[in-house]
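K.L.:
Sequence and predicted model, in that order:
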Amino acid sequence: MASISGAFSPSSTLLRPRRHQSGVISAFPLRRFRQPQSIADLSRSSSPSYPSSSSNNSLKSGPASPVEKDPIKLWNRYVDWLYQHKDLGLFLDVSRIGFTDEFVEKMEPKMQKAFNAMKELEKGAIANPDESRMVGHYWLRSPHLTPNRYLKDQIERTLDKICEFAEAIISAKIKPPSSPAGRFTQILSVGIGGSALGPQFVAEALAPDNPPLKIRFIDNTDPAGIDHQVAQLGPELASTLVIVISKSGGTPETRNGLLEVQKAFRDAGLNFSKQGVAITQENSLLDNTARIEGWLARFPMFDWVGGRTSEMSAVGLLPAALQGIDIREMLAGAALMDEATRSTVVRNNPAALLAMCWYWASDGVGSKDMVVLPYKDSLLLFSRYLQQLVMESLGKELDLDGNRVNQGLTVYGNKGSTDQHAYIQQLREGVHNFFVTFIEVLRDRPPGHDWELEPGVTCGDYLFGMLHGTRSALYSNDRESISVTVEEVTPRSVGAMVALYERAVGIYAALVNINAYHQPGVEAGKKAAGEVLALQKRVLTVLNEASCKEPVEPLTLDEIADRCHAPEEIEMIYKIIQHMAANDRALIAEGSCGSPRSVKVFLGECNIDELYA
Ligand SMILES: O=P(O)(O)OC[C@H]1O[C@](O)(CO)[C@@H](O)[C@@H]1O
């Protein structure tokens, strides 16, 4: 008998303690291939010039022609297509993507349509029709482009407020009420998805070694993960600024993180409201809570900025400023990139080049995955950041005309050269279902710190060699790649890269005619999670009724399901019981979890109030 009892009770009052305690096998089983329908399909089938990116579809396959392997022709292609942004010190090389001139020509009308769509979006059109919203993340770094004065003021006022607040925290003009340190030393950021990924990426990329405030994240409703963060803070909880970030202000994981952190503050005898900051939409649940409880500060999230494009709003800027990162430089980098990516000449527009390459490489239907490989440790989280930006934006069931298209572009990656010793083997020789984006950083170390670990060769030279070796080795086996090169990882270049990919996603979405700015698919999981919790409450009510009887009536899973009027949910009921039993709830389960039919359950304490409610 597994006898498990603990603190849990269905409600908090009047507890009466109890004495008792199909057969087709494909080489690519997970991949869906479509009939050729895109310009890419047509042009590839007719072009011998560059290697085909997809070897499993007969229309696109064929022996690699000698042309693309000719180093001089490849060099010419490199030079012809190389994009450089001088002020940003950023280069984009698309020469190892095999698009043809014919393809570029055929794409031109689509590209022009996409440029127009982006122009309309920037002018304030309802670019997110489902949610009837404008899409204005580009205005955040160029407020003069907002469609009205009010939005411009809102952006500028918020930016000033962020800078002033960060300055006051760093200089200890604003102090935590009861910390011996006499100043804030830590940030605990609570948020998820777009309310975490940008700040996490930027902290890893740009925070100095000794930032004025160090940052930690709670980005899940995993109690052990939360406990770990709180435990790591230890006594420094007293000097921790807690920033709760949620655009909607009602995301359950974030709410739970907040409640857990507030409990940790109570347990430590600290006043949370003097250390709490909210970043959320005006009048959201979070905003109202922060206002009523008198938190230290509140910053707005704008209706027209989506979570995954919010890095240049208060969501990304406040944590960055508090870590001593130059946020005006981030904004300047993004603004410069925005300017460049407004060009309607494809080869002069790096975002358009990226979108066109994605379209070519994935047939405009996401038939290949994008592996993002930054060769720089500080850019480790770029692929994770891009994963949400790209996949939540492009992974859509319906297009803008309501046709079922199941669009998307899978993104994954970690960092080079580390991945050389993990999955590059498969990329080079295994299933050909991807293209790579290399992110190269020219500056290895700050000036004056380098040394040669063998004659003529530094540690950074090895990293450089690994990158270019991998790029060549992949290409020689017809694996396509894009390379983005920046001189250094700086606030300016990071801002530019964020802007580059935001725009590339926008253009690509227009090319494939989908709404990049909503996320209806996420709702299904959220709804199902809510249903599980509702079922758990019904199970507890049923168990409470049976456990308040004299003598107590242990119930089988079938009986519980029956009394919940949910016989079809028996498997979920079993999982609920198993989870509660493993977590010291006031639950007594007899029998073995391994043979669910033998299990009988009752509560170790019954709640009379709930019974008669
Ligand atoms: O900022 P919020 O409203 O808490 O949302 C967090 C995340 O949840 C989503 O809405 C859906 O997963 C994301 O788009 C968003 O970034």
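P.N.:
That came through fine. Numbering: from 1, shown residues only.
K.L.:
State the pLDDT value of residue 279.
P.N.:
On the pLDDT scale, residue 279 is placed at 98.
K.L.:
how about it, what does it touch?
P.N.:
191, 195, 243-246, 298-301, 314-315, 318 (C-beta atoms under 8 Å, 6 or more residues apart in numbering). Where you see a C-beta, it was placed from the backbone N, CA and C, and this is true even at glycine.
K.L.:
Take the residues you listed and keep only those in helices.
P.N.:
314-315, 318 (DSSP state H).
K.L.:
Can I get the buried part of those as one ChimeraX selection?
P.N.:
Here is the ChimeraX command that selects only those of the ones in helices among the contacts of residue 279 that count as buried (16 or more other C-beta atoms under 10 Å):
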select :314,315,318
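K.L.:
Next, format the ones in helices among the contacts of residue 279 as TSV and append pLDDT and distance to the ligand.
P.N.:
Shown next, in TSV, are the ones in helices among the contacts of residue 279 (pLDDT from 0 to 100; distance: C-beta to the nearest ligand atom, whole Å):
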residue	pLDDT	distance to the ligand
314	98	12
315	98	8
318	99	14
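K.L.:
can you map out the strands along the stretch 401-550 of the chain?
P.N.:
411-412, 434-441, 452-454, 457-458, 481-486 (DSSP state E, counting those that start in this stretch).
K.L.:
so which of those strands gets nearest the ligand?
P.N.:
strand 411-412 (15.3 Å; C-beta to the nearest ligand atom).
K.L.:
Find me the pLDDT at whatever residue of the stretch 351-500 of the chain ends up closest to the ligand, would you?
P.N.:
In the stretch 351-500 of the chain, no residue comes nearer to the ligand than residue 392, which is 5.6 Å away by C-beta to the nearest ligand atom. The model reports residue 392 with a pLDDT of 98.
K.L.:
check which helix or strand covers it.
P.N.:
Using DSSP states H and E, residue 392 sits within helix 382-394.
K.L.:
Counting neighbours, what do you get for residue 398?
P.N.:
Applying other C-beta atoms under 10 Å, we find 16 residues neighbouring residue 398.
K.L.:
cool, residue 317 as well?
P.N.:
Residues lying near residue 317 (other C-beta under 10 Å) number 28.
K.L.:
ok, it to residue 500 distance?
P.N.:
Look at residue 317 and residue 500: by C-beta to C-beta, to the nearest Å, they are 18 Å apart.
K.L.:
how is this structure carved up into domains?
P.N.:
71-128+336-518, 139-325, 521-610 (the TED database).
K.L.:
tell me which residues of stretch 197-211 are tucked away?
P.N.:
Applying 16+ other C-beta under 10 Å to stretch 197-211 flags 197-207, 211 as buried.
K.L.:
same deal with stretch 110-130?
P.N.:
110-111, 114-115, 117-118, 121-122, 124, 127-128.
K.L.:
will you turn the residues you listed into JSON lines that also has pLDDT, distance to the ligand and secondary structure?
P.N.:
Shown next, in JSON lines, are the buried residues of stretch 110-130 (pLDDT from 0 to 100; distance: C-beta to the nearest ligand atom, whole Å; DSSP: H, G, I helix; E, B strand; the rest coil):
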{"residue": "110", "pLDDT": "98", "distance to the ligand": "27", "secondary structure": "helix"}
{"residue": "111", "pLDDT": "98", "distance to the ligand": "27", "secondary structure": "helix"}
{"residue": "114", "pLDDT": "98", "distance to the ligand": "23", "secondary structure": "helix"}
{"residue": "115", "pLDDT": "98", "distance to the ligand": "26", "secondary structure": "helix"}
{"residue": "117", "pLDDT": "97", "distance to the ligand": "21", "secondary structure": "helix"}
{"residue": "118", "pLDDT": "98", "distance to the ligand": "21", "secondary structure": "helix"}
{"residue": "121", "pLDDT": "97", "distance to the ligand": "18", "secondary structure": "helix"}
{"residue": "122", "pLDDT": "97", "distance to the ligand": "21", "secondary structure": "helix"}
{"residue": "124", "pLDDT": "96", "distance to the ligand": "22", "secondary structure": "coil"}
{"residue": "127", "pLDDT": "93", "distance to the ligand": "16", "secondary structure": "coil"}
{"residue": "128", "pLDDT": "90", "distance to the ligand": "12", "secondary structure": "strand"}
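K.L.:
For the stretch 401-550 of the chain, which residue gets nearest to the ligand?
P.N.:
residue 522 (4.0 Å).
K.L.:
With the stretch 301-450 of the chain instead?
P.N.:
Across the stretch 301-450 of the chain, no residue is closer to the ligand than residue 307, which sits at 2.5 Å (C-beta to the nearest ligand atom).
K.L.:
on that earlier part again, can you redo the contacts of residue 279 as JSON lines with distance to residue 438?
P.N.:
What follows is these, written out as JSON lines (distance: C-beta to C-beta, whole Å):
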{"residue": "191", "distance to residue 438": "30"}
{"residue": "195", "distance to residue 438": "29"}
{"residue": "243", "distance to residue 438": "33"}
{"residue": "244", "distance to residue 438": "37"}
{"residue": "245", "distance to residue 438": "31"}
{"residue": "246", "distance to residue 438": "34"}
{"residue": "298", "distance to residue 438": "41"}
{"residue": "299", "distance to residue 438": "36"}
{"residue": "300", "distance to residue 438": "38"}
{"residue": "301", "distance to residue 438": "34"}
{"residue": "314", "distance to residue 438": "32"}
{"residue": "315", "distance to residue 438": "28"}
{"residue": "318", "distance to residue 438": "32"}
